[in-house]
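In: below: sequence and its predicted model.
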Amino acid sequence: MNRCMSFSVRRRLGGLAAATLLLAFGAPAGAQVGVRNFPSDALRATMVVVQPPEIRMDGRTMRLSPGARIFGTTNTVVLSASLVGQELTVNFVADGLGHAHQVWILTPAEAAEKRPRAGDQRNWRTSADGAN
């Protein structure tokens, strides 16, 4: 009585298991990107990567924070060096030092949504703002 499976049977079963796992867990995630939800404190800007980590947001010079992540339109991480010189409409969140920490490159549909712009932000108030 032989209790061991032959090599060809094991190979077929192994291939079948691998194909099943690939179909179950290896499906491309690109089709899953629909409407992305951005943090409420994210600002809109036109970003130009000058020379990483230096960027311009609405003409204002900024830097990318250490560990900053730039997400493309399909929600994949994009390297800042591949974006040098391009004008991109983005949403971004700054860290405590004012560096851009998370940046999302927007699709045309996302760019059509209204959001406060980075160029509208200032660190002073006037009487017209309702300040006393």
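Out: Received the coordinates, thanks.

In: how many residues are close by the nearest residue to residue 44 once chain neighbours are set aside?
Out: Nearest non-adjacent residue to residue 44, counting by Cβ to Cβ, 6 or more residues apart in numbering: residue 115, 4.3 Å away. Glycine gets a C-beta too; all of them are placed from N, C-alpha and C. Number of residues near residue 115 (other Cβ atoms under 10 Å) recorded here: 15.

In: shouldn't residue 115 be in contact with residue 42?
Out: Yes. Counting by Cβ atoms under 8 Å, residue 42 is a contact partner of residue 115 at 7.0 Å.

In: list residues touching both of those two?
Out: The overlap between the contact sets of residue 115 and residue 42 (Cβ atoms under 8 Å, 6 or more residues apart in numbering) consists of residue 91.

In: what is the burial count for the residue nearest to residue 52 when sequence neighbours are not counted?
Out: Using Cβ to Cβ, 6+ apart and skipping the chain neighbours, the partner closest in space to residue 52 is residue 80 (4.1 Å). A count of nearby residues for residue 80, using other Cβ under 10 Å, gives 19.

In: hey, where'd the helices end up in this protein?
Out: Here the chain has its helices, by DSSP state H, at 7-25, 108-112.

In: and those, which one's lowest on average pLDDT?
Out: Among these, helix 7-25 has the lowest mean pLDDT, at a mean of 56.

In: pLDDT value on the closest residue in space to residue 38 that isn't next to it in sequence, please?
Out: Excluding the flanking residues, the one nearest residue 38 by Cβ to Cβ, 6+ apart is residue 91, at 4.9 Å. With respect to pLDDT, residue 91 scores 97.

In: quickly list what residue 91 is bridged to.
Out: residue 44, residue 104 (DSSP bridges).

In: tell me who's in contact with it.
Out: Residue 91 neighbours (Cβ under 8 Å, 6+ apart): 38, 42, 43, 44, 45, 103, 104, 106, 110, 115.

In: go on, residue 53?
Out: Residue 53 sits in contact with 63, 64, 65, 68, 80, where contact means Cβ under 8 Å, 6+ apart.

In: for this structure, which spans come out with low pLDDT?
Out: Within the chain, the stretches with pLDDT under 70 are 1-34, 121-132.

In: fine by me, we can end here.
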